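J.: Kindly return the folded structure for what I paste below:
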Amino acid sequence: MDHMDRRDFLTTVTVGGAAFSMAGALWPTPILAAPGKPADIGQCKSVKVTCVSEVGWWDTKKLIKGLMAAGGPKKADQWTMPSDLNNGAGSSSLIEVTLLDGKVKRILLDTGWNPAYMAWRYQMTGVDKLLKQNKIDYFIVSHEHLDHFFGLEATLRLNPKVTMVIPETFRPQARQFMAGKSFTKASAVTNVKHQGKLMVMKKSGVHKLFDGAALSVFDIPIILKIRGEQSLYFNVKDKGLVLITGCCHQTILKYADFAQKNIKGGDKMYGLYGGLHIAPFGPLKPPQAAWIRGMAQYKFKKVASNHCTGLPAVAYMKKLGYPVVGGRGMEGSMSKLYVGNSDAVTFG
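T.: Okay, here's the model as predicted:
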């Protein structure tokens, strides 16, 4: 990784009588953009995204009932509240980046919720073989919400030494989970601990991963007492920036605006993929509809939103004439309106 500060970082934190150590973790130094001097992340040839899974959960009513019983979305703590693993599926994407020299870099973004379900999704998309063959260059967790992170064992069982990238906003419980501690009440169970390189991304600047690829951490409060989400940027030569996100809790407008102001080439937006957290639980509300109308200013050439974006939001994008990429509506995905399970989209 470019721009890396390879200091060993030693911290021990105790939670509930159990301790974890961050010895040997890498804290990369980000590129700090300045007025008139945005971060140069280089260029790549193309980006292909395969949707491993976009189904966060099966039954929204069951999910909301559980959240309300635990005190509501703002008071409930995902690490202590009971959760129904049978209602869990998960969000995960395989990103394959072709560099200008023809080499391919692979990123696994997120690891879903239910480990058994995620094992099936990895088999259906070939991610299982890529992990076993050590062909995943970076395993990035966008944020620690259960539908993106509780399926961790499914990934580590296939390759416990995979290079893992997390935001520094991760709570101590999340880091304990990575070290093999289970939280049985929350149905967050793992029997495998991460043994590979760990990269902890700071809350400021732009982190370049390799030529044409970078990410940033958005330090924001999220429901279930979670904080922070990291999202990705790719600069495709002659095309423009491609934005790839897990849930985009920072909102699509703040995400795209950050790219425009802080990344070289941000004046030319090309593609968008992932969950946009607009209408994940029901009908589209006026403020969220305004976000969608605001997307017009970025002039994306391809919009492949799924997961927590919500069907009403995708339908509204289509109504406004946005270049929405559809799918097959197979393998658990509910609609052909968006890129679903095992569907793929290429930028470049």
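
J.: could you list every residue that touches the residue nearest the centre of the chain?
T.: Centroid-nearest residue in the chain, with Cα atoms, centre = their mean: G246, separated by 2.9 Å. For G246, the contact set (Cβ atoms under 8 Å, 6 or more residues apart in numbering) comprises 91, 109-110, 142-143, 148, 229, 231, 274-275, 307. Bear in mind the C-beta positions are built from the backbone N, C-alpha and C, glycine included.

J.: L284 too?
T.: Taking Cβ under 8 Å, 6+ apart, one finds 278, 292, 310, 312-313, 316 in contact with L284.

J.: Which of those residues fall within helices?
T.: Using DSSP state H, the members of the contacts of L284 that fall within helices are 292, 312-313, 316.

J.: tell me which of those residues is nearest to V200?
T.: Nearest to V200, judged by Cβ to Cβ, of these is A313 at 32.2 Å.

J.: Excluding chain neighbours, what is closest to R293?
T.: Leaving aside its sequence neighbours, R293 sits nearest to L320 (Cβ to Cβ, 6 or more residues apart in numbering; 7.0 Å).

J.: Ok, Q288 next?
T.: The nearest residue in space to Q288 (Cβ to Cβ, 6+ apart) is I278, at 4.8 Å.

J.: In the protein, what residue spans correspond to helices?
T.: Ranges of helices in the chain, per DSSP H, are 60-69, 115-125, 127-132, 146-149, 152-156, 172-178, 252-262, 286-294, 311-319.

J.: Can you report the mean pLDDT over the residues of the shortest one?
T.: This points to helix 146-149. Helix 146-149 carries an average pLDDT of 98.

J.: you'd agree E96 is up against V47?
T.: Yes. Taking Cβ atoms under 8 Å as the definition, E96 is a contact partner of V47 at 7.4 Å.

J.: More neighbours: which of those two?
T.: Neighbour tally, E96 and V47, criterion other Cβ atoms under 10 Å: the higher count belongs to V47, 27 against 17.

J.: Against A70, how distant is the more buried one?
T.: 38 Å (Cβ to Cβ, to the nearest Å).

J.: thinking again about what came up before, pLDDT at the residue nearest to Q288, what is it?
T.: 97.

J.: Distance to A33 added to the contacts of G246, as JSON lines?
T.: JSON lines is the format used below for the contacts of G246 (distance: Cβ to Cβ, whole Å):
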{"residue": "S91", "distance to A33": "29"}
{"residue": "L109", "distance to A33": "23"}
{"residue": "D110", "distance to A33": "26"}
{"residue": "S142", "distance to A33": "21"}
{"residue": "H143", "distance to A33": "23"}
{"residue": "H148", "distance to A33": "27"}
{"residue": "E229", "distance to A33": "19"}
{"residue": "S231", "distance to A33": "16"}
{"residue": "G274", "distance to A33": "23"}
{"residue": "G275", "distance to A33": "26"}
{"residue": "H307", "distance to A33": "29"}
